[in-house]
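**Q** Got a predicted model here, sequence first, then my questions.
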Amino acid sequence: MKKFLLALALVGVLTPALAQPVVQNQVTGNECWNAGQGPGGPSAFLCLFIIRGGATNLPMTIAGSFTIGSVAAQSQLVAGGNMIVTAQPSAATITMQPNPVVDGAIIGYCNVTSGAFATNVVTLVANSNQTMNTAVTVTTQAAGSCARVQWNQANATWYRIQ
């Protein structure tokens, strides 16, 4: 009986040390779950970056034209997110990421400096087989503001939302 009680006490002492933490307070955005549509229905993976609007905040300087996702540093934005522009940009044309684009993806062009951007024209344009419902040309932009567009898969169109 003493051995049994000793073993039981040992298990009670070691169990908390071996347990894994239950709460994860940091997420990468790459976490995915299999989401089904009821018993026997189709399923698909639902990833956190889609749920939170692909909110990747990418600090960057803009020194010329580029296509989102064409450079490894900007590939984080292909599912949506904000270009956190940290200095007055050069004139540039920013082409949206190529298809396929996650339905509802939002791309933001944000001035995070303490001063307004002025004089240099930055234009957001649609990629091949996409449209932009209204021209998004930023000549001046207030400090702390963003220009945002959202992708609508059904219409293959980017809509300016801010």
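**A** Alright, I've got the coordinates.
**Q** Assumed Ser75 was part of a strand.
**A** No. Under DSSP: H, G, I helix; E, B strand; the rest coil, Ser75 sits outside any strand and is assigned helix.
**Q** so where do the helices sit in this structure?
**A** With helices called from DSSP state H, the chain shows them at 2-18, 48-51.
**Q** Give the residue spans of this structure that score low on pLDDT.
**A** 1-30, 45-55, 72-73 (pLDDT under 70).
**Q** how about a cut-off of 90?
**A** Applying pLDDT under 90 to the chain picks out residues 1-65, 68-82, 88-91, 100-105, 118-120, 134-135, 138-139, 162.
**Q** can you give me the strands for this structure?
**A** For the chain, the strands defined by DSSP state E occupy 32-36, 43-47, 56-60, 66-67, 81-85, 92-95, 106-111, 122-125, 131-132, 136-138, 146-152, 157-160.
**Q** Mind giving me the packing neighbours of the first one?
**A** Read it as strand 32-36. Other elements packing on strand 32-36 under the criterion 3 or more CB pairs under 8 Å, 6 or more residues apart in numbering; DSSP states H and E are strand 43-47. For the C-beta atoms, the positions are set from N, CA and C on the backbone; glycine is no exception.
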